[in-house]
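K.L.:
Predicted coordinates and the sequence they were generated for:
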Amino acid sequence: MHDAPDIPSTPSCPADTSEQDVAWMERVKKGDTAAFELLVETHQRRVVATVARMLGSEADAEDIAQQVFIRVWKSASRYEATAKFTTWLFTITRNLVCNELRRRKRHPARSLEATVEESDGAFQPRDLQNKTPDSTLQDAELQDAIQKAIDQLPEVQRMAVLMRRYEEFSYEEIAEVLQITVPAVKSVLFRARTDLREHLQRYLKN
């Protein structure tokens, strides 16, 4: 699959828009920083979470999410309300994640050490207050196993799974972000789920 441009043109899907996001983006086009801050507050958490799961590093995720919204600000004039803002936002996110993954391939020693150190505890369940120590350890182990299994997926499969599972994107939205067809998205997700089942067999049996 060819690399997408850093700042994507808006996908064409006129019936599927978010009115609030579009209204904010129209204001951002005019240099309205308050509207931009509202967009960031609304979408930052999900961008950070997706990047963290893609890279296995919350520290790097914060930096890349900041870059994502800088791109949004700088390219606001190119946004047209012909698709969901989130589809456009996640296309930018995907491009920057791809750039970071390519950088890590060029510097594998650093990326491996950073992943081990920075992801320590990053994906633990949030609410463990009422759980026994054994249960907490099991949950933590499962979360770690899931993240490791996702990490082993090819880049396109990983992104598709995260958008579908955690962000509840439609097949059509995933296709726009990944720049592939809807049947290709379904095929990618099928292969990814098959691989994940194999990696997590021990936990599925339990």
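P.N.:
Yep, that arrived. Residues are numbered from 1 along each chain as shown.

K.L.:
so where is the protein shaky, pLDDT-wise?
P.N.:
Within the chain, the stretches with pLDDT under 70 are 1-17, 107-139, 205-206.

K.L.:
in it, which spans are helices?
P.N.:
With DSSP state H as the criterion, the chain has helices at 19-29, 33-55, 58-74, 85-106, 108-118, 133-151, 155-165, 171-178, 182-199, 201-205.

K.L.:
which helices and strands sit right next to the third one?
P.N.:
It refers to helix 58-74. Applying 3 or more CB pairs under 8 Å, 6 or more residues apart in numbering; DSSP states H and E, we find helix 58-74 packed against helix 33-55, helix 85-106, helix 108-118. C-beta: built from backbone N, CA, C; applies to glycine.

K.L.:
Kindly recompute the last result at 6 Å.
P.N.:
Helix 58-74 makes packing contacts with helix 33-55, helix 85-106 when contacts are defined by 3 or more CB pairs under 6 Å, 6 or more residues apart in numbering; DSSP states H and E.

K.L.:
Dump these to JSON lines, plus distance to residue 168 and mean neighbour count.
P.N.:
JSON lines is the format used below for these (distance: least, CB to CB, whole Å; neighbours: other CB atoms under 10 Å):
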{"stretch": "helix 33-55", "distance to residue 168": "10", "mean neighbour count": "18"}
{"stretch": "helix 85-106", "distance to residue 168": "11", "mean neighbour count": "19"}
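
K.L.:
Residue 183: neighbouring residues, count only.
P.N.:
10 (other CB atoms under 10 Å).

K.L.:
Can you give me the distance of the residue nearest the centre of the chain to residue 101?
P.N.:
Nearest residue to the geometric centre of the chain (CA atoms, centre = their mean): residue 50, 2.8 Å. To residue 101, residue 50 is 13 Å away according to CB to CB, to the nearest Å.
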